[in-house]
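Asks: using only what follows, build the 3D model:
(one chain, ligands or ions: 3)
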Amino acid sequence: MTIRRLSRVIKIDRYNAWVEIDGEEKYAHVRKRVLRDTGIYPGDYAWVSEVIRGREYAVEKIVPRKNILKRPTVANVSKAIYVHTFKQPEGYLFYLDLFLMNVIHEHIKPYIVVNKVDLLSDEELQYAKEVMKTYENLGYPVIWTSVEKKEGIEELKALLDKGTIVFAGMSGVGKSSLINTMYGLNLSVGAVSEKIGRGRHTTTYTKLIRVGEKTYVVDTPGFSLLEVPDDIEVKEVSSGFPEIAEREHLCAYPGCLHVDEPGCAVREAVEKGEIALHRYESYLKILEAVKEKEEERKWRRRKKRR
Ligand SMILES: Nc1nc2c(ncn2[C@@H]2O[C@H](COP(=O)(O)OP(=O)(O)OP(=O)(O)O)[C@@H](O)[C@H]2O)c(=O)[nH]1
Ligand SMILES: [Mg+2]
Ligand SMILES: [Zn+2]
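Replies: Numbers count the residues shown, from 1 in each chain. Ligands and ions are numbered 1, 2, ... in the order given. Model prediction:
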């Protein structure tokens, strides 16, 4: 009889996976039916068999997931940290808003880290604090860090004790640097290109790293594309924006999408400055992208029926 063990999937390499067995990383073949039925993602818990004792492993089955974070894709996430920078690179808040929507959708606890504060002048820092106030008011913790000056690192670490902790954000914001400083690791770190002020995607794959008995940190590649998850529907977008969701019942039309409907309480709140304009703009942009995906799906279904 072959032994089956419950293992954690550490990293995916095309149709194979690195899994953790007895504290060691082993390369395992992924059965076709796994790829077909459930797929396999970093962070999955999987039943792994020993095809040849101590030498060859195969992933037989994926344990049902608690959640799955999209962009970056990681399964069974406890906490998700979005790393933002105001300079080198100048981050887009839109990515943060999209990330928060994804995270809320999966019931994962989000944290926002503003890194590279050493690069900001007093005035710039004041501006940054104002921008982040919007997020703090929505209930998201914001932590200010500098890897360079070793600031905020202990504060951040104290918030993130157990579980599977994902670091996400644009390329070059310092995700790998933060993980290195916090846990004394040696992940590769790359310079932000001088010319375009953007990172160069130093980290190219998602990987779980065990840093405690029950703690994994997940380093992920920086993203640079607008990509909304496939399973989000038009009417669900607003639930990713608490300040919109809580006003929806005040709109004149049930099912109001807050675009141009008359008597829209959300747009009224934007005009009054009660909802930050950049948040509303993110909402509209995501809504548009989700609508497009829905149209695509409908079109494909119609084509299939013909
Ligand atoms: N001044 C300053 N530079 C920093 C700080 N944190 C990281 N950096 C630098 O920013 C650059 C990018 O850091 P990385 O850790 O590679 O960024 P990343 O987010 O992992 O990037 P990708 O792997 O491409 O997604 C490196 O040159 C770091 O030394 C900081 O707090 N202050
Ligand atoms: Mg990196
Ligand atoms: Zn409305």
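Asks: contacts only, for residue 71.
Replies: 98-99, 102, 168, 223, 227, 229 (CB atoms under 8 Å, 6 or more residues apart in numbering). Just so you know, the C-beta spots here come from the backbone N, C-alpha and C atoms, and that holds for glycine as well.
Asks: make it 10 Å
Replies: 95, 98-99, 102, 168, 220, 223, 225-229 (CB atoms under 10 Å, 6 or more residues apart in numbering).
Asks: what helix or strand is it located in?
Replies: Using DSSP states H and E, residue 71 maps to neither a helix nor a strand.
Asks: adjust the sequence numbering to begin at 98 for everything that follows.
Replies: Okay, using 98 as the starting number, the last item reads as residue 168.
Asks: hey, which helix is longest across the chain?
Replies: helix 374-402 (DSSP state H).
Asks: which of the three states applies to residue 229?
Replies: helix (DSSP: H, G, I helix; E, B strand; the rest coil).
Asks: if we can go back for a sec, ok, so of the contacts of residue 168, who is nearest ligand 1?
Replies: Distance to ligand 1, by CB to the nearest ligand atom, is smallest for residue 317 among the contacts of residue 168, at 7.3 Å.
Asks: and the end-to-end length of stretch 149-167?
Replies: Start-to-end span of stretch 149-167 (CA to CA, to the nearest Å) is 34 Å.
Asks: cool, stretch 178-192 as well?
Replies: Where stretch 178-192 begins and where it ends lie 13 Å apart, using CA to CA.
Asks: quick one: buried residues of that stretch?
Replies: For stretch 178-192, the buried set under the neighbour-count rule, 16 or more other CB atoms under 10 Å, comprises 178-186, 188, 190, 192.
Asks: for stretch 311-319, same thing?
Replies: 312-319.
Asks: of these, which are in range of ligand 1?
Replies: Subset of the buried residues of stretch 311-319 in contact with ligand 1: 318-319, counting by CB under 6 Å from any ligand atom.
Asks: picking that back up, in strands only, show me the contacts of residue 168.
Replies: When those are checked against strands (DSSP state E), the matches are residue 265.
Asks: in a helix, residue 109, correct?
Replies: No - Residue 109: not assigned to a helix; according to three-state DSSP it is strand.
Asks: chain neighbours aside, what residue packs nearest to it?
Replies: Excluding its sequence neighbours, the residue lying closest to residue 109 (CB to CB, 6 or more residues apart in numbering) is residue 139, at 5.8 Å.
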